[in-house]
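Student: A predicted structure for the sequence below; I have some questions about it.
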Amino acid sequence: MLLDYIIWNVDPVLFHLGNLEVRWYGLFWAIGLYLCWLVNERMYRHENCPAEWADKMFIYMALGVIIGARIGHCWFYEWHLTNDPIQIFGWTFHYRNPYIEHPLLLLKIWEGGLSSHGGGIGLIIAAFLLNHFRFSKYPQFQTSWIWILDRLCLGVCITATLIRLGNLFNSEIYGSPTDLPWGFVFVRNGETEPCHPTQIYEMLYCLVAMAVTWPMYWKTDARRREGLLFGVFLLIVFVTRFLLEFIKNDQEAFEAGHVLNMGQLLSIPFILLAIFLIIRAYKRPLSPVVDQQPVSLDPKYQNNRKKK
């Protein structure tokens, strides 16, 4: 006999170190970033890229996604109705954002608040900077920020899946009430009715994105069509994210009553970018294959890489 619903009352804290809480969410973030590095390290070796590229990528991408996710959340979601509206150039604003008035609050990342859309923007900026300041030192490789994101998105699928698992352990960003047998009663949040476990739905579409892009990279010439892998990844993730928002609870009060919530509005530019990249990828010629092993510019990497 199947259950009518699932009682979910998992403690989000993994263990304590004195006054410090180590949460499942943070652990899944760390594991996700590490697995992303492993995937990209394998891909770079497969394409005979310089040995240090995976490490450089990891540093830029980790900083880009964390900083972008934090700033994105604070800018997109932390608007609150105030009894003390302000006027700027004749416009009256009834919502205020504490992070604009007190930007140092951005550093309190342990208090929570990360946005996947902000993380995506951070990754794009980080890829541009990485290509400009690091990868461009190798003229024999025709790389670009899109080339980096084409390879990065496979690992990001794993990272995003684990982050959503962390959201589930935090009992956050779930959906509206449901009578489906897999509904979750989030006891820690005071819920008494089963709700859509949208964290699991989002885990599934991240896995679908990986199931599609992984064979495209390894079994086809998709990696030679700049922007195709990244475009397909964006299309799967943000079209499904847009649709799922219809059954998710609003994250902030200001979203109530709007036709589209903030998550949907932020998804639209990514969907348009995805369509543009896919069309562009098929209109451009295939990029050449590099079959040589370049010498690393960083001596510490020259002797620590195994030959294929």
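Tutor: Received, thanks.
Student: roughly how far apart are C74 and G118?
Tutor: 8 Å (CB to CB, to the nearest Å). Every C-beta, even on glycine, is put in place using the N, C-alpha and C of the backbone.
Student: er, N9 I mean
Tutor: Relative to G118, N9 is positioned 30 Å away (CB to CB).
Student: between these two, which one's more packed in?
Tutor: G118 (24 against 11; other CB atoms under 10 Å).
Student: Quick check: closest non-adjacent residue to that one.
Tutor: In space, G118 comes closest to G72 once its chain neighbours are excluded; the distance is 1.3 Å by CB to CB, 6 or more residues apart in numbering.
Student: What backbone torsions are found at that neighbour?
Tutor: Backbone torsions for G72, taken as degrees, to the nearest 10, come to phi -60, psi -50.
Student: Report pLDDT for P98.
Tutor: We have a pLDDT of 83 for P98.
Student: Which residues are in contact with it?
Tutor: Taking CB atoms under 8 Å, 6 or more residues apart in numbering, we find P98 in contact with 78, 80, 105.
Student: Now distance to I66, pLDDT and neighbour count too, for these, in a markdown table please.
Tutor: Converted to a markdown table, the contacts of P98 look like this (distance: CB to CB, whole Å; pLDDT from 0 to 100; neighbours: other CB atoms under 10 Å):
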| residue | distance to I66 | pLDDT | neighbour count |
| --- | --- | --- | --- |
| E78 | 17 | 84 | 17 |
| H80 | 24 | 74 | 13 |
| L105 | 16 | 84 | 14 |
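Student: so of these, which ones are in strands?
Tutor: In this view, the contacts of P98 that belong to strands under DSSP state E are H80.
Student: can you give me the end-to-end distance of stretch 47-58?
Tutor: With CA to CA, to the nearest Å applied, stretch 47-58 spans 17 Å between its terminal residues.
Student: Identify each buried residue in it, please.
Tutor: Neighbour counts over stretch 47-58 (16 or more other CB atoms under 10 Å) mark 49-54, 57-58 as buried.
Student: same deal with stretch 18-38?
Tutor: Within stretch 18-38, the residues that count as buried by 16+ other CB under 10 Å are 23-25, 27-29, 31-37.
Student: Just the ones in helices from those residues, please.
Tutor: Among the buried residues of stretch 18-38, the residues falling in helices (DSSP state H) are 24-25, 27-29, 31-37.
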